[in-house]
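Visitor: Let me see the structure of the following:
(chains A, B, C and D)
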2 protein chains.
Amino acid sequence: MTQIKPQTQGNTTPITHSLRAACSQCSLRELCLPLGLSDGELEHIDALIGARKRIKRGQHLYSANEAFSAIYAIRSGFFKTCVTDEEGRDQVTGFQMAGEILGMDGISNDKHTCDAVALEDSEACIIPFNELERLSTQIPSLQHHIHKVMSREIVRDHGVMMLLGTMRAEERLAAFLLNLSQRLASRGYAAGDFHLRMMREEIGSYLGLKLETVSRTFSKFQEEGLIQVQQRHIRISDPAGLKRIMESCS
Amino acid sequence: MTQIKPQTQGNTTPITHSLRAACSQCSLRELCLPLGLSDGELEHIDALIGARKRIKRGQHLYSANEAFSAIYAIRSGFFKTCVTDEEGRDQVTGFQMAGEILGMDGISNDKHTCDAVALEDSEACIIPFNELERLSTQIPSLQHHIHKVMSREIVRDHGVMMLLGTMRAEERLAAFLLNLSQRLASRGYAAGDFHLRMMREEIGSYLGLKLETVSRTFSKFQEEGLIQVQQRHIRISDPAGLKRIMESCS
DNA sequence: CGCAGTTTTGATTCATCTCAATTTGTGTGG
DNA sequence: CCACACAAATTGAGATGAATCAAAACTGCG
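Guide: Numbering: from 1, shown residues only, chains lettered A, B, ... in the order given. Below is the predicted model of the structure:
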């Protein structure tokens, strides 16, 4: 059983700032939880979000079986989430970047069911969940927004199932690159030129492929002039070509 | 592209009862949305749930791109949910039975993103979502329960990703049978003797396999004395043996 | 009874995995 | 600053599990 090890060892206690996070001042407010709230409502959220947490590369924001008490908004950095089953199989369920919400898996049984691991030094806003629920009874638009965020996660998961259930290796990797590209672009980064934060093995786990297959497929894309790969640096030369790969589903 | 066709054609208008559903009287209340609510709170839910919908086999409870207005609690029967992507690929994302909640995918964009198709004549309680949100601001335990139901769906989806990403055909089918068995058992049905409501192709779509592989694997399990298969009738002779298949993950 | 849809089974092909060797990159300590 | 050691990525050759193509058998319905 191949275990994906974090780059530095696991679960050392992360630093918790007493710096109050202020959604109203945050550049991510259009992407993140506050989306669609009025200025007045935003102030209530500011009061809610107690602290931020700095997570070094390789550390866990939370781990499976840990008691659930909060969800997290990524303020900066990059995470992966992964589940491990009874048999020890490991599956990366997603990669998350700034503005995305982590930890909603923990609500159902008051404990987390997956690990959230920082793939680079990162910072996350702690959103105490019972306080969020309390506040959301006061602010219907906040309540609705929470539902939307959770629903979006369900829809995203369906997309991953589609990928894993129906696509071939090339299609999976093309979909992965396009998805990453699009999310980076919507955060103001270059859509066609970025640095992968994860190893081949993590990409493979996410896509249901072995790391060698991921590597080979990168090379193939490069030979075909679709992308340029240099280790973790990716340049997308022909986004339309990548899309075409997904259309030509055999 | 293989399309999974419903047994009878699609989307004829289903009958909506004006029969009021009463959660407080429903035998599924320990499984379904009302779980954990007091009698007094239950009455409010009774008031909320406007009507039931009868869905004949092959009909859609809702379809992708339809406007979202309600979630549904299955009162009786059996459903599949499936997504279709731009390229026309089809993926069954789940099979749902009595007491389970359907339609939460629709919250994120106010329209459904998948089809919910009845695999046998079924009945579902309509839960108007904006009314549910309104009521849940009054009843914190209801609000929390909604979050739990959505979170449980996320966790379930992670399990499917694990299955699709890491398991071999035999493991997938064993996991599928054990899951079905366990859910039937928790509804008071025999755990080891049941009728599959879905075709091999639908099982295959859910498990990321071709229908021939599903069929062959059933036959193999039968040869090994783990199960008895006769078309859609399944008898599990050796549940421990099925579990063992999942442990022997190569 | 016959037909259409579903399932089973067989033979073959192909995509991906596995195992193994090499190359490249990264961080550490002298 | 360089050399070394270790981790990650690439590449190759061969094995294998599942897909594909094809045909036959079964089931249920009109």
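
Visitor: And what about the residue positioned nearest the centre of chain A, helix, strand or coil?
Guide: Of all residues in chain A, the one closest to the mean position by C-alpha atoms, centre = their mean is A:Gln96, 1.3 Å from it. State at A:Gln96, reduced to three classes by DSSP: H, G, I helix; E, B strand; the rest coil: strand.

Visitor: Same question for A:Val92.
Guide: Under three-state DSSP, A:Val92 falls in the strand class.

Visitor: what about it, distance to B:Ala240?
Guide: A:Val92 is 30 Å from B:Ala240, where distance means C-beta to C-beta, to the nearest Å. Where C-beta positions appear, they are placed from N, C-alpha and C, glycine not excepted.

Visitor: cool, A:Asp157 as well?
Guide: A:Asp157 is 31 Å from B:Ala240, by C-beta to C-beta.

Visitor: ok so, going back, what residue, apart from its backbone neighbours, is nearest the residue nearest to the centre of chain A spatially?
Guide: Leaving aside its chain neighbours, A:Gln96 sits nearest to A:Phe79 (4.5 Å; criterion: C-beta to C-beta, 6 or more residues apart in numbering or on different chains).

Visitor: Bridged to that neighbour, which residues?
Guide: Under DSSP bridges, the beta-bridge partners of A:Phe79 are A:Gln96, A:Ala118.

Visitor: So what's the residue count around it?
Guide: Residue neighbour count, defined by other C-beta atoms under 10 Å in any protein chain shown, stands at 25 for A:Phe79.

Visitor: who's in contact with it?
Guide: Applying C-beta atoms under 8 Å, 6 or more residues apart in numbering or on different chains to A:Phe79 gives the contacts A:61, A:95-97, A:102, A:116-119, A:122.

Visitor: Check A:Leu209 too.
Guide: A:169, A:172-173, A:203, A:217 are the contacts of A:Leu209 under C-beta under 8 Å, 6+ apart.

Visitor: does A:Gly188 sit in a helix, a strand or a coil?
Guide: Taken by three-state DSSP, the conformation at A:Gly188 corresponds to coil.

Visitor: What pLDDT is listed against it?
Guide: pLDDT, A:Gly188: 94.

Visitor: Could you do A:Ala22 as well?
Guide: pLDDT, read off for A:Ala22, is 80.

Visitor: again, but for A:Val83
Guide: pLDDT at A:Val83 comes out at 98.

Visitor: Isn't it up against B:His158?
Guide: Yes. Using C-beta atoms under 8 Å, A:Val83 is in contact with B:His158, at 5.0 Å.

Visitor: and for those two, which residues touch both?
Guide: With C-beta under 8 Å, 6+ apart, A:Val83 and B:His158 have common neighbours A:91, A:93, A:113-114.

Visitor: can you put those in a markdown table and add neighbour count and distance to DNA strand C?
Guide: Shown next, in a markdown table, are the shared contacts of A:Val83 and B:His158 (neighbours: other C-beta atoms under 10 Å in any protein chain shown; distance: C-beta to the nearest atom of the strand, whole Å):
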| residue | neighbour count | distance to DNA strand C |
| --- | --- | --- |
| A:Gln91 | 24 | 13 |
| A:Thr93 | 25 | 17 |
| A:Thr113 | 23 | 24 |
| A:Cys114 | 25 | 21 |
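
Visitor: what two of those are the furthest from one another?
Guide: Largest separation among the shared contacts of A:Val83 and B:His158 by C-beta to C-beta: A:Gln91 and A:Thr113, giving 11.8 Å.

Visitor: ok, back up a step: give the buried subset of the contacts of A:Phe79 as a ChimeraX selection command.
Guide: A single ChimeraX command selects the buried members of these (16 or more other C-beta atoms under 10 Å in any protein chain shown):
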select /A:61,95,96,97,102,116,117,118,119,122
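
Visitor: Between the contacts of A:Phe79, which sits nearest DNA strand D?
Guide: Among those, A:Leu119 lies closest to DNA strand D (C-beta to the nearest atom of the strand), at 10.9 Å.

Visitor: So which bits of chain A are right by DNA strand D?
Guide: Within reach of DNA strand D by C-beta under 7 Å from any atom of the strand, chain A has these residues: A:5, A:7, A:196, A:199-201, A:211-212, A:214-216, A:218-219, A:229, A:231-232, A:250.

Visitor: which among the residues you listed end up buried?
Guide: Using 16+ other C-beta under 10 Å, the buried ones in the residues of chain A next to DNA strand D are A:196, A:199-201, A:211, A:214-215, A:218, A:229.

Visitor: and of the residues you listed, the nearest to B:Met246?
Guide: Distances from B:Met246 to those, taken by C-beta to C-beta, are shortest for A:Glu201, at 22.7 Å.

Visitor: where exactly do the strands run in chain A?
Guide: Per DSSP state E, chain A carries strands over the ranges A:15-16, A:51-55, A:60-62, A:70-76, A:78-84, A:90-97, A:101-102, A:115-118, A:122-128, A:193-195, A:227-230, A:233-236.

Visitor: Which of the ones you listed sits closest to A:Gly40?
Guide: Evaluated over the strands of chain A, closeness to A:Gly40 peaks at strand A:122-128, with 18.8 Å, by C-beta to C-beta.
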